[in-house]
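K.L.:
sequence plus the predicted model coming up.
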Amino acid sequence: MLAEYWPVLLFIAVAAGMGILLITLGLLVGPRRPESDKLSPYECGFEAFEDARMQFDVRYYLLAILFIIFDLEIAFLFPWAVVFKQIGIVALIEMGLFLLLLVIGFAYVWKKGALEWE
């Protein structure tokens, strides 16, 4: 019974060995040039070790929300494109209307200046 698992165990051993070997080679051969900019943590546009109650611009959140909206647009487009031949012309018109609404929203946001970062 255990002989049937031999190929799986061999695969796991080879994969773990290759992973350890590559990480070790990277540590031994890779360049080490630490700089203050490389070692500083960067998360969201301001220094990490300042007052926790500091105020910062709300445009950061607006930009993040816009990214999520347009990322979801792609999430709706991909499955539609995969089955495009099966769903016909009605779905093409519906997707055109969906994209038109998104373009109108994008133009509105652009006109309001929400994408400008001063």
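P.N.:
Sure, I can see it.
K.L.:
and the next helix or strand past the lowest-mean-pLDDT helix or strand in the chain?
P.N.:
Across the helices and strands of the chain, mean confidence by mean pLDDT, DSSP states H and E is lowest for helix 36-39: a mean of 70. As assigned by DSSP states H and E, the chain's next helix or strand after helix 36-39 is helix 59-82.
K.L.:
and that following helix, how far from the chain's centre?
P.N.:
11 Å (CA atoms, centre = their mean, to the nearest Å).
K.L.:
next one: the residue nearest to the spatial centre of the chain from residue 14, what distance?
P.N.:
By CA atoms, centre = their mean, the chain has its centre lying nearest to residue 71, at 9.0 Å. Distance of residue 71 to residue 14, given as CB to CB, to the nearest Å: 37 Å. Where C-beta positions appear, they are placed from N, C-alpha and C, glycine not excepted.
K.L.:
same check on residue 86?
P.N.:
42 Å.
K.L.:
can you check residue 4 too?
P.N.:
Applying CB to CB to residue 4 and residue 14 gives a distance of 18 Å.
K.L.:
for residue 86 and residue 14, indicate the residue with more neighbours.
P.N.:
residue 14 (10 against 7; other CB atoms under 10 Å).
K.L.:
output the below-cut-off pLDDT ranges for the protein.
P.N.:
Along the chain, segments meeting pLDDT under 70 span 37-52, 54, 56, 118.
K.L.:
grab the longest helix from it for me.
P.N.:
helix 84-112 (DSSP state H).
K.L.:
elements contacting that helix?
P.N.:
Contact partners of helix 84-112 among helices and strands, from 3 or more CB pairs under 8 Å, 6 or more residues apart in numbering; DSSP states H and E: helix 59-82.
K.L.:
what is the burial count for residue 75?
P.N.:
Residue 75, neighbours per other CB under 10 Å, totals 8.
K.L.:
same check on residue 77?
P.N.:
14.
K.L.:
before we move on, what about the one 4 residues further on?
P.N.:
Here the number of neighbours of residue 81 (other CB under 10 Å) works out to 9.
K.L.:
residue 24 too?
P.N.:
With other CB under 10 Å as criterion, residue 24 counts 10.
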